[in-house]
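J.: give me a 3D structure for the following:
(chains A and B, ligands or ions: 1)
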Amino acid sequence: MKEWILTTDHKRIGVFYLIGSIAAFCVAGLMALLIRTELGAIGPTLTEDPNVYNVWLYFHGAAMILGFQIPALTGFLANWAVPIMLGAPDMAFPRVNALSVWLYWMGILLALATFVIPDSPDVMWTGYPPYSVITEGNTALYSLTVLIMGFSSIVGGINIMCTVIYCRAKGMQYNQFNIMVWTTMGANLLQLVFVPVLGSAVMLLLFDKYLGTNFFNPASGGDVLIYENLFWFYSHPAVYVILLPFLGIAYEIIATFARNRIFNYNMVVYGGVCGTTLLSTDVWAHHAYAAGLPDYVRMFMTITTLLISVPVGLLMIGMVATMWNGAIRFTTPMLFALSVIFLFLIGGLTGIPNAMASVDHAIHDGYFIMAHFHYVMAMAGTAAIFGSVYYYLPKMTGKMYNEAMGKAGFWLLFIGFNVTFYPLFEIGIEGMARRYYDYSQFPQFESAQHLATMGSYVIAVGFLITLVTWIHCWVAGEKCTDPNPWKSQSIEFTNTEVIPGPGNFPVQPVISPDWSPYNYGGTTKQDD
Amino acid sequence: MNKKLWSLMAVVGSLPFLAATAIAGELQQDPAEHWDEFWHEIMIDIISIGVVFMICFIYVLIRNIAQSPDQEGTGTKLTPLQSIGWTLIPAFCFMADDFYLAAQSWQLFNLQRNVPANHYEVKVTASMWNFNYTYPNACKEADNCVEVMNELRVPAGKPILLRMTSSDVIHNHSIPDFRILEDSMPGRVTYLWFYPKTPGEHLVTCKEYCGTMHSKMISKVIAMPESEFDKWIETEKNDL
Ligand SMILES: [Cu+2]
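T.: Sure thing, here's the model as predicted:
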């Protein structure tokens, strides 16, 4: 017990991140169920008080993004998998790594305080002033949670960048990195550059609310738009902090289960990953198309936002083409990774209308954009994270999960995702607005809302089965004797024991110039 | 790369922008109708991309199922030429579609942002949780004008310009039927315009989260025949 709590081992820290993010997913998912149930019918359903509902909305958004997705991708996967993929014995700064996971857990506990304090925050995850300044809700809790999570991200980001640059195995070239390593680098670069901007925004919010400053108060010379710009200057890149690693892990899973090399590695890395990272820094104003920004800004951000389709399109082509001439196995992690392609296809394409300011002027802040980003982040992102948990379960626990249970959970989740969010596109086009406690002005939308609520219950059942499958594997799974159950060519499977121990490798790997983590097809065929 | 090539690329790259600005500004049309037409076009665009992609995806899946437990993939390393081709060709296809859509969207954007000269103006002040409409053309004295709460009466057949601000937090004046919305913010004045061709009622909602009664911040546009509207505004003005 003590050696787990005081651990500086990157794999154990990764597991801590995983446990924290799954816990955050459970609570924030419960909020989602409450929200959907409330919206299932017109009029009060679960609560008479819109403020209670608004707290659910706040917690759902903030916890899913800051507590679940970012930590699962740049915490769990970047900690557990990336150093081993690099052939590194540990992270560059193991104790700093422990600090970042502790900060993250502090952030989780602080966020959970939402449910015990009398004046819970109700500022949504965006915290726009002046509402966040004048509200009775506790904006300080929101700001401090963001600051602590942000600090954890910065600390973790520096650590991962240093690990990639200084700690990788002897002889490993940049062109021999796993795609997951590249995407993690892209994501952490964005975190390092942009989290401080978010920090400054929520800090000024604290000053305005509690120290009487007027940064965002127009009556005293401030401006409400400064916050929106600072916030999205970080929070749009934050979308790519989530997107890049989840596509990265989908690539790993697809390459492993198609037992094939990555299609056009250079295109994926330099066009897709680097292109997305760079472009993502210059599109933030599309979140504020309706905020009276100058016309030329809206026109400029229309084209930059549309151009995101270029690197992202290359990433999509790369994923599908990686299976060309492959030998596909439909295991549970593979099903999740394949669903990422489908869900992200819908999510990506529905982003196109939203990218254009003039089109957005009719559907802004409605259910269309809400369904769009749930397809991208909530569905494709979550599918990739769940797939990655299945992918690494045998390496984390030394045991194999139950394939039938895994698949049952997958199909329920997949069906539930689509039943929940597809109808919301339809009513979004017709004018349904986000963050509504009730929609009596739109009685015609009740059946679609009801269908979405039913879908969310299917997701809940699917998730419970998934969780049970994981716990069953951990407690009572069949013992794995093969350190490489998937016959992958990546170092985390080829050079480790069944459960990688401290230092990760019995013999420190040395990389030859013709080695590749995707060396399938018999050129350096191992005996299997 | 030499200078000539760079400047050639710059010229070619800026062509779509120039084309877009040339087309824009000519058309005079109802933005809501234009929005519907453009939306239809976008849907055809993204649905065809989606369907083609899904067909390829499913074909790849079916064709490449592992036939034996030991089978490995036989993907080969691309030659540099193949690698560049597979990057640039799709990239240019996506870019072409992007520039096409951007040009189209700018056309609509110009329509939305250039208010016709014969417009009728109403001022909007949003507050938690009401929309307050002031008629600057119907005043007894400078700051004693006709004011209505949560009911925007306008003459049908005229472009209507709303100049908006807020007295507390950020709100958004959204009129789904006219495919238009814009935030109203404290300390700033924003605008939108729409064109109610025929008499009728249209829902207005708030689309920026503004607290407890956000979902109940409802108003409506009532487009009246012009003569009826003139009569109404005259009576209101005399009652001031
Ligand atoms: Cu409002």
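J.: could you use CA atoms for every contact and neighbour count after this?
T.: OK.
J.: quick check, the residue in chain B closest to the ion?
T.: Nearest to the ion in chain B, going by C-alpha to the ion, is residue B:171, at a distance of 4.0 Å.
J.: if I look at the residue of chain B positioned farthest from its centre, how far off is residue A:299?
T.: The outermost residue of chain B relative to its centre, with distances by C-alpha atoms, centre = their mean, is residue B:70 at 54.0 Å. As judged by C-alpha to C-alpha, to the nearest Å, residue B:70 and residue A:299 stand 54 Å apart.
J.: burial count for residue A:432?
T.: Residues near residue A:432, counting by other C-alpha atoms under 10 Å in any protein chain shown, number 24.
J.: just residue B:93 next, same as before
T.: Around residue B:93 there are 11 other residues, counting by other C-alpha under 10 Å.
J.: can you tell me which residues contact residue 75?
T.: Just so you know, I chose chain A. Contacts for residue A:75 (C-alpha atoms under 8 Å, 6 or more residues apart in numbering or on different chains) come out as A:14, A:17-18, A:101, A:156.
J.: can you look at chain B instead?
T.: By C-alpha under 8 Å, 6+ apart, the contact list for residue B:75 reads A:260-261, A:263, A:322, A:324-326, A:521.
J.: mind doing that once more with 6 Å?
T.: A:260, A:325 (C-alpha atoms under 6 Å, 6 or more residues apart in numbering or on different chains).
J.: regarding it, what is its secondary structure?
T.: coil (DSSP: H, G, I helix; E, B strand; the rest coil).
J.: roughly how far does it sit from residue A:247?
T.: In this view, residue B:75 and residue A:247 are 20 Å apart by C-alpha to C-alpha.
J.: near the ion, which residues of chain B?
T.: Within chain B, the positions lying close to the ion (C-alpha under 5 Å from the ion) are B:171, B:206, B:210.
J.: what does the pLDDT read for the first one?
T.: Predicted confidence (pLDDT) for residue B:171: 95.
J.: just the residues of chain B next to the ion now: which is nearest chain A?
T.: Closest approach between the residues of chain B next to the ion and chain A, by C-alpha to the nearest C-alpha: residue B:210, at 6.5 Å.
J.: in which helix or strand does that closest one reside?
T.: For residue B:210, there is no helix or strand it lies in under DSSP states H and E.
J.: need the phi and psi values for it.
T.: With angles defined as degrees, to the nearest 10, residue B:210 sits at phi -140, psi 20.
J.: now do the contacts for it.
T.: Residue B:210 neighbours (C-alpha under 6 Å, 6+ apart): none.
J.: report how many residues lie close to the residue of chain B closest to the ion.
T.: Residue B:171 is flanked by 32 other residues according to other C-alpha under 10 Å.
J.: next one: residue A:385
T.: 28.
J.: returning to what we had before: backbone dihedrals for the residue farthest from the centre of chain B, please?
T.: Dihedral angles (degrees, to the nearest 10) for residue B:70: phi -100, psi 0.
J.: what comes up buried for the helix or strand harbouring residue A:31?
T.: Counting by DSSP H and E, the element that carries residue A:31 is helix A:10-39. Using 16 or more other C-alpha atoms under 10 Å in any protein chain shown as the test for burial, helix A:10-39 gives A:10-18, A:20-29, A:31-39.
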